[in-house]
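> sequence and predicted structure below; questions after.
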Amino acid sequence: MVFHVLTLFPEMIENGMQTSITGRAIEKGFLHLDVRNIRDYTQDKHGKVDDYTYGGGAGMLMQAQPVYDAWDSIPGKGIRTIYLTPQGRTFDQMMAEDFAKEEELIFLCGHYEGIDERVLEETVTDYVSIGDYVLTGGELPAMVMMDTISRLLPGVLHNEDSADTESFQNGLLEYPQYSRPEEWHEKKVPAILLSGDHKKVDEWRLEQSELRTRERRPDLYEAYMEQKRLYEEMHPPKRRKR
């Protein structure tokens, strides 16, 4: 997977992505990071990339020319281009799985009051938000998305099963987990986890995931139960022959 990032703050992206799991994935060649400074593509002799908005209003707007030329400098056409904006669809695990199928992605990070609408119309394929709040730029949302997508790619995680057992993969939040020691602050690890009975452990974990989702994310729990109901309708238990 190649992540192309168009930004005014390349060091922010590079510093964030070159650490931890994504950093190791880049080092091993599972991920490739191509960060381009939009300011390098401006035709203004002073390096200016923004200007006042037509019609008035507070703040400055990123101009179309440097953004387009930075985008156009990326080899190959037809690459999905993601613009990070509160006006986009809210990012979730299903969307991450969809993006993970691509070989390359372009992330366009706005700043100031945003980007001239005309260049967005020519370049952007996906408008995405990470939540209903306002940030100073698109760099943090881009890194959130890249981190999430990266975990779904082959070779990125040490344990290939990890991505399949984490929160949201089956529509539920993850079950509680424990490590050594067996007792800490007078709190003991649940006995079932020490039993060695993998079937019962799996049943306990599913039960805990359902309980935690119902308590903390009733919206997810409702959707999960509806999917469960539909599945049971389509796959009724077979009656035993007498």
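Sure thing, it's come through.
> could you use CA atoms for every contact and neighbour count after this?
Will do.
> flag every buried residue along the longest helix belonging to the chain.
Counting residues, the longest helix found in the chain (DSSP state H) is helix 198-216. Buried residues in helix 198-216, counted by 16 or more other C-alpha atoms under 10 Å: 201, 204-206, 208-214.
> show me what it is packed against.
Helices and strands touching helix 198-216, by 3 or more C-alpha pairs under 8 Å, 6 or more residues apart in numbering; DSSP states H and E, are helix 218-234.
> residue 83 sits in which helix or strand?
Element membership for residue 83, per DSSP states H and E: strand 80-90.
> the strands in this protein, which residues?
For the chain, the strands defined by DSSP state E occupy 2-7, 32-37, 50-52, 60-62, 80-90, 104-108, 126-129, 183-184, 187-188.
> off-centre distance for the strand holding residue 83?
Chain-centre distance of strand 80-90: 12 Å, with C-alpha atoms, centre = their mean, to the nearest Å.
> return the set of buried residues in stretch 120-129.
120, 123-124, 126-129.
> for those, give me JSON lines that also has distance to residue 113 and pLDDT.
Putting the buried residues of stretch 120-129 into JSON lines (distance: C-alpha to C-alpha, whole Å; pLDDT from 0 to 100) gives the following:
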{"residue": "120", "distance to residue 113": "14", "pLDDT": "98"}
{"residue": "123", "distance to residue 113": "18", "pLDDT": "98"}
{"residue": "124", "distance to residue 113": "17", "pLDDT": "98"}
{"residue": "126", "distance to residue 113": "19", "pLDDT": "98"}
{"residue": "127", "distance to residue 113": "16", "pLDDT": "98"}
{"residue": "128", "distance to residue 113": "16", "pLDDT": "98"}
{"residue": "129", "distance to residue 113": "15", "pLDDT": "97"}
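> so how many other residues sit close to residue 1?
19 (other C-alpha atoms under 10 Å).
> ditto for residue 11
For residue 11, the neighbour count with other C-alpha under 10 Å is 12.
> ok, residue 86 next?
Other residues within reach of residue 86, judged by other C-alpha under 10 Å, total 17.
> hmm, it is touching residue 128, no?
Yes - with contacts counted by C-alpha atoms under 8 Å, residue 86 reaches residue 128, the gap being 7.2 Å.
> tell me the mean pLDDT for the longest helix of the chain?
Mean pLDDT, helix 198-216: 95.
> equivalent analysis for stretch 87-95, please.
Per-residue scores along stretch 87-95 average to 95.
> and the residue nearest the centre of this protein?
Nearest residue to the geometric centre of the chain (C-alpha atoms, centre = their mean): residue 145, 2.9 Å.
> not counting sequence-adjacent ones, nearest residue to that one?
Excluding the flanking residues, the one nearest residue 145 by C-alpha to C-alpha, 6 or more residues apart in numbering is residue 96, at 7.3 Å.
> check residue 141 too.
For residue 141, ignoring the flanking residues on the chain, the nearest one in space by C-alpha to C-alpha, 6+ apart is residue 130 at 6.2 Å.
> which residues touch the one you found?
Contact analysis of residue 130 by C-alpha atoms under 8 Å, 6 or more residues apart in numbering lists 86, 90-91, 141.
> what of residue 131?
By C-alpha under 8 Å, 6+ apart, residue 131 lies in contact with 86, 90-91.
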